[in-house]
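Peer 1: just to be clear, the model below is a prediction. Sequence and coordinates:
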Amino acid sequence: MHMDSKDKRIEKNKTLHASFYHAFQGFVTVFKEERNMKVHVLAGVCAVIAGLLFKLTASEWLWIALAIFVVIIIEVINTSLENMVDLATGCTYHPLGKKVKDMAATAVLISAVFALVVGGIIFLPKVMHLWK
Ligand SMILES: Nc1ncnc2c1ncn2[C@@H]1O[C@H](COP(=O)(O)OP(=O)(O)OP(=O)(O)O)[C@@H](O)[C@H]1O
């Protein structure tokens, strides 16, 4: 959970470039530190490849894109909350820390189920059709 950044400044971003740079750094940190994020990104890449192979319609692509982005956004928020809990508790046990982390994990789980449902509705009939 420890992040050793060379960038120690704490003032507000002064340029759009700096805002984008720090937002990108946030994504890189979640990707490096959270195994689940790697799984989500891999699943998203697989869905995009499958979408290209099955030549999805525009509305099907919109649902797939929504599912991919929702899961990734919730995972970023989950990781952010986990870090906040560790910061607030000093990585010691606290019942409220447990509540926050468990609820954030629930949000990730619900978003992943949503993505599975969307993927199932779009891809399952196409896969069944291939087998016929
Ligand atoms: N400071 C704490 N106080 C109380 N319980 C905690 C605390 N830190 C972690 N836990 C418990 O351990 C679980 C796992 O916490 P951890 O920080 O390892 O999350 P994680 O394994 O990275 O979760 P996820 O798989 O959602 O990314 C939490 O859901 C919570 O139940």
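Peer 2: Great, that's in hand. All of these numbers come straight from a predicted model, not from anything done at the bench.

Peer 1: name the helices or strands packed onto the longest helix seen in the chain?
Peer 2: Longest among the helix segments of the chain by residue count, using DSSP state H, is helix 95-131. With contacts taken as 3 or more CB pairs under 8 Å, 6 or more residues apart in numbering; DSSP states H and E, helix 95-131 sits against helix 35-53, helix 58-89. (Each C-beta comes from the backbone N, C-alpha and C, glycine too.)

Peer 1: in the worst-scoring helix or strand of the chain on mean pLDDT, which residues are buried?
Peer 2: Each helix and strand of the chain was given a mean pLDDT (mean pLDDT, DSSP states H and E); the minimum falls on helix 16-33 at a mean of 94. Applying a neighbour-count criterion of 16 or more other CB atoms under 10 Å, one finds 29-31 buried in helix 16-33.

Peer 1: for that helix, the distance to its chain's centre please.
Peer 2: Once both centres are worked out by CA atoms, centre = their mean, to the nearest Å, helix 16-33 turns out to sit 13 Å from its chain's centre.

Peer 1: any part of it near the ligand?
Peer 2: No - when contact is scored as CB under 6 Å from any ligand atom, no part of helix 16-33 falls within range of the ligand; the minimum is 8.5 Å.

Peer 1: send the alpha carbons of that helix over as PDB?
Peer 2: Extracted C-alpha coordinates of helix 16-33, given in PDB (Å, rounded to 0.1, in the frame of the first residue of the first chain):
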ATOM      1  CA  LEU A  16      -4.200  21.400 -17.300                       C
ATOM      2  CA  HIS A  17      -1.100  19.400 -18.100                       C
ATOM      3  CA  ALA A  18      -0.300  19.000 -14.400                       C
ATOM      4  CA  SER A  19      -3.900  17.900 -13.600                       C
ATOM      5  CA  PHE A  20      -3.800  15.300 -16.300                       C
ATOM      6  CA  TYR A  21      -0.400  14.100 -15.200                       C
ATOM      7  CA  HIS A  22      -1.500  13.500 -11.600                       C
ATOM      8  CA  ALA A  23      -4.700  11.900 -12.700                       C
ATOM      9  CA  PHE A  24      -2.700   9.500 -14.900                       C
ATOM     10  CA  GLN A  25      -0.300   8.900 -12.000                       C
ATOM     11  CA  GLY A  26      -3.300   7.900  -9.900                       C
ATOM     12  CA  PHE A  27      -4.400   5.300 -12.500                       C
ATOM     13  CA  VAL A  28      -0.800   3.900 -12.800                       C
ATOM     14  CA  THR A  29      -0.700   3.600  -9.000                       C
ATOM     15  CA  VAL A  30      -4.000   1.700  -8.800                       C
ATOM     16  CA  PHE A  31      -2.900  -0.500 -11.700                       C
ATOM     17  CA  LYS A  32       0.400  -1.400 -10.100                       C
ATOM     18  CA  GLU A  33      -0.900  -1.900  -6.500                       C
END
